[in-house]
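Undergrad: for reference, the sequence and a predicted model appear below.
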Amino acid sequence: MTVKKRILTGDRPTGPLHLGHYVGTLANRVRLQDEYEVFLLVAYYHALTRHVEKEHVVATRGFTRELVLDYLSVGIDPDKTTIYVQSDVPSVCELHLLFSMLTTVPRLDRVPTLKEVMDAENIEQETYGLLGYPVLQAADILHVRAHLVPVGKDQASHVEVTREIARRFNFLYGDVFPEPDALIGDVPTLLGTDGKAKMSKSLGNAIMLSDDAKTVEQKVRAMYTDPTRIRADIPANPEGNPVFQYHDAFNPNKAEVEDLKARYRTGKVGDVEVKKKLIVALNNFLEPIRTRRAYYAARPNLIDEILAGGAAKVRPISQETVNAARDAMGLGRGQ
Ligand code: TRP
């Protein structure tokens, strides 16, 4: 039997996931769970890097369950993928501390997501924790010695920090860690329903994986299309139009999509028909997801068991890595 390579990836629990997440990373995660040994973490500590108020901490716990429901409903199989909450395996913090000696403040200052987050959240002075966000992520990835990290494009710079830390550690103390690769979804970022460059919950332009059929219908009807096309008989370009982008991503009937595009280009189809067919395609795509969600939502104890089992599986793996790191460094282990 060949040993499967490992994947570790995860998300901060900040709210329900949407179609953009599906296209960006969830589809990859579902696909890879047979080929790899997959670890999927709910990044609870990372969620604390933005807001520390008690209400926020408590709300994050609630979002954790929602996130796990999203995972399970898209087809992540808890028998194949180990799902756990980051803070349930606190030995990762020890690795984070050791790693924090191996990277410099200027290096972390240059990570592009830091400035983006500070701008977006009006943070004037970053905490030590926020600055160290990628170091904690490196500890997540490396405490299970993962080889591959499927993430969205925005996370590539964090995986780069991880690689540098692994390299530095191995150079100083001997080979303990693999240098993991990022696996970035090859599909273009999904546009928002308003035509903006990115689907995002905070922009209010997202279709959630948990939206019911009626909500999907309403959102698609209100979707942005080419504003210069005031009549259906005006030829227009399907490129850059989110309605067609979603057709490409979610409508398995390629002949139908090509026909709609051809008629759109020649002014022979109205937006209403294109949208109606999209509503059908999206609801067909979401239906099995809704069915699985209902199954797990009705069994809250099962979710608790999945998370407890996940943490129980990761703890010894993490501890073994921390021990190996301490041994390699000559730090000793105490008794
Ligand atoms: N930073 C990731 C995000 O916001 C979440 C995350 C935390 C993560 N630890 C990770 C992703 C380890 C991949 C691997 O999406």
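TA: Perfect, thanks for sending it. Just so it is clear, the model here is predicted, and its values are computed rather than measured. Numbering: from 1, shown residues only.
Undergrad: how about the residues of the stretch 1-150 of the chain near the ligand?
TA: Residues of the stretch 1-150 of the chain lying close to the ligand (C-beta under 6 Å from any ligand atom) are 8, 9, 10, 11, 12, 43, 46, 137, 140, 141, 149. (C-beta placed from N, C-alpha, C; glycine too.)
Undergrad: pLDDT and neighbour count added to the residues you listed, as CSV?
TA: Shown next, in CSV, are those (pLDDT from 0 to 100; neighbours: other C-beta atoms under 10 Å):
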residue, pLDDT, neighbour count
8, 98, 25
9, 96, 27
10, 96, 25
11, 94, 22
12, 94, 20
43, 97, 24
46, 96, 24
137, 98, 26
140, 98, 27
141, 98, 33
149, 95, 25
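Undergrad: is it true that residue 203 touches residue 192?
TA: Yes: at 5.9 Å, residue 203 and residue 192 qualify as touching, with contact defined as C-beta atoms under 8 Å.
Undergrad: backbone torsions only: list them for the nearest residue to residue 261 once chain neighbours are set aside.
TA: Spatially, and ignoring its direct neighbours in sequence, residue 261 is nearest to residue 238 (4.6 Å; C-beta to C-beta, 6 or more residues apart in numbering). Per-residue torsions, residue 238: phi -70, psi -20 (degrees, to the nearest 10).
Undergrad: ok, the closest residue to residue 333 other than its chain neighbours to the ligand distance?
TA: Ranked by C-beta to C-beta, 6+ apart and with sequence neighbours excluded, the top spatial neighbour of residue 333 is residue 326, at 5.6 Å. According to C-beta to the nearest ligand atom, to the nearest Å, residue 326 and the ligand sit 22 Å apart.
Undergrad: what's the separation between residue 164 and residue 248?
TA: Residue 164 is 36 Å from residue 248, where distance means C-beta to C-beta, to the nearest Å.
Undergrad: who's more crowded, the two?
TA: A side-by-side neighbour count of residue 164 and residue 248, using other C-beta atoms under 10 Å, places residue 164 first with 16 against 13.
Undergrad: pretty sure the more buried one is in a helix, no?
TA: Yes: applying DSSP: H, G, I helix; E, B strand; the rest coil, one finds residue 164 inside a helix.
Undergrad: so it touches residue 108, yeah?
TA: No: contact criterion C-beta under 8 Å: residue 164 and residue 108 do not qualify, at 10.7 Å.
Undergrad: can you check which residues contact both of these two?
TA: In the contact map built from C-beta atoms under 8 Å, 6 or more residues apart in numbering, no residue is linked to both residue 164 and residue 108.
Undergrad: domain ranges for the chain?
TA: Split into domains by automatic domain parsing, the chain comes to 6-190+300-329, 211-293.
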